[in-house]
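Got a sequence here, can you model it:
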Amino acid sequence: MRAAIFLLAALLSLPAQAFELPVGCRQLLVATAPTWDASHATLRLYEKSGRMWQAVGAPWEARLGKSGLVWGLGLHPVPAGARTKREGDKRTPAGVFRLGGAWGYAADAARNPRLPYTQITPRDLWVEDPDSPNYNRHVRLDAEPSTAWEKKQQMKQDDPAHALKLFIEHNAGDTVRPGAGSSIFFHIWRGGGSQATAGCTAMSEPSLRALIAALDPSKNPLFVVLPDDEYARLRAAWKLP
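You can find the predicted model right below:
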């Protein structure tokens, strides 16, 4: 009986906990939500001093997906059998993610010069079609969009909420899975924070601008987003603040 209990405890601890933040990470954004189904979160910025994480500034309020959170595809291991992000599920991907630079309608934004910034034009697409070989990738057209498909993928939609964005590298890079969720960004919230998102993390415009200005790519910043209970369970093993 004691052996069975020990084995069960070992199995429960392995899938989600056999992970630590990359050694070079010295800047961390942490978003925590009350439950998996919550769409409100608190976002905090931390920097590492020696071996200790120190909070930087005051926390920010954020909105998540309308249906809450679900495990995403990032740097972290996904627990065996866990449900994961799917296109259109209105859930924010949970886990640990790299950040892929800022995007905006304006020519530039206040930022560390090492942080990439791309001005969004009508020719810039972010592909959300799972059947496309460019799914969850940026594409810049050689000419103005002309087809209904191209216009649907346009990043610039005269939408103030997307006038400034920061890419969250969920399901990104060389291992994009069709249908596993696309176009996950930080962006400006709608209705003064009264509205949830389709899966992104939204903030007030002043908060988002402050966040982008604070990021330092030389500190290898990462984004951690988890429900409170999951964060508490993984905090020590993942060496989180």
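
in the protein, which spans are strands?
27-33, 40-49, 52-63, 69-71, 92-104, 117-119, 124-126, 138-140, 164-168, 185-188, 201-203, 222-227 (DSSP state E).

Burial-wise, tell me which of the ones you listed comes out on top.
Burial of those is given as mean neighbour count (mean count of other C-beta atoms under 10 Å); strand 201-203 ranks first at a mean of 26. Where you see a C-beta, it was placed from the backbone N, CA and C, and this is true even at glycine.

quick one: it to chain centroid distance?
10 Å (C-alpha atoms, centre = their mean, to the nearest Å).

Tell me which residue is most central in the protein.
With distances taken as C-alpha atoms, centre = their mean, I168 lies nearest the centre of the chain, 3.8 Å away.

Please name the nearest non-neighbouring residue to it.
Among residues not flanking I168 along the chain, I184 sits closest, at 4.6 Å (C-beta to C-beta, 6 or more residues apart in numbering).

what do you get for D108?
Nearest to D108 is Y117, by C-beta to C-beta, 6+ apart, at 5.8 Å.

Likewise for S218?
R114 (6.0 Å).

mind listing what that neighbour touches?
Residues near R114 by C-beta atoms under 8 Å, 6 or more residues apart in numbering: D216, P217, S218.

Pick the one among those residues closest to W126.
For the contacts of R114, the closest approach to W126 (C-beta to C-beta) belongs to P217, at 21.1 Å.

any idea of the pLDDT on the closest one?
The score at P217 is 97. That number is its pLDDT.

for it, what are its contacts?
N112, R114, L115.

same question, I168
Taking C-beta under 8 Å, 6+ apart, one finds P93, F97, L99, G100, I184, F185, F186, C200, T201, F223 in contact with I168.

Turn the contacts of P217 into CSV, columns for pLDDT and distance to A163.
Below are the contacts of P217 laid out as CSV (pLDDT from 0 to 100; distance: C-beta to C-beta, whole Å):
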residue, pLDDT, distance to A163
N112, 97, 20
R114, 97, 23
L115, 98, 17
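
rewinding a little: in JSON lines, list the strands of the chain along with distance to K85 and mean pLDDT.
Compiled in JSON lines, these are given as follows (distance: least, C-beta to C-beta, whole Å; pLDDT from 0 to 100):
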{"stretch": "strand 27-33", "distance to K85": "15", "mean pLDDT": "98"}
{"stretch": "strand 40-49", "distance to K85": "16", "mean pLDDT": "97"}
{"stretch": "strand 52-63", "distance to K85": "17", "mean pLDDT": "97"}
{"stretch": "strand 69-71", "distance to K85": "5", "mean pLDDT": "98"}
{"stretch": "strand 92-104", "distance to K85": "4", "mean pLDDT": "97"}
{"stretch": "strand 117-119", "distance to K85": "24", "mean pLDDT": "98"}
{"stretch": "strand 124-126", "distance to K85": "16", "mean pLDDT": "98"}
{"stretch": "strand 138-140", "distance to K85": "19", "mean pLDDT": "98"}
{"stretch": "strand 164-168", "distance to K85": "11", "mean pLDDT": "98"}
{"stretch": "strand 185-188", "distance to K85": "14", "mean pLDDT": "98"}
{"stretch": "strand 201-203", "distance to K85": "13", "mean pLDDT": "98"}
{"stretch": "strand 222-227", "distance to K85": "12", "mean pLDDT": "98"}
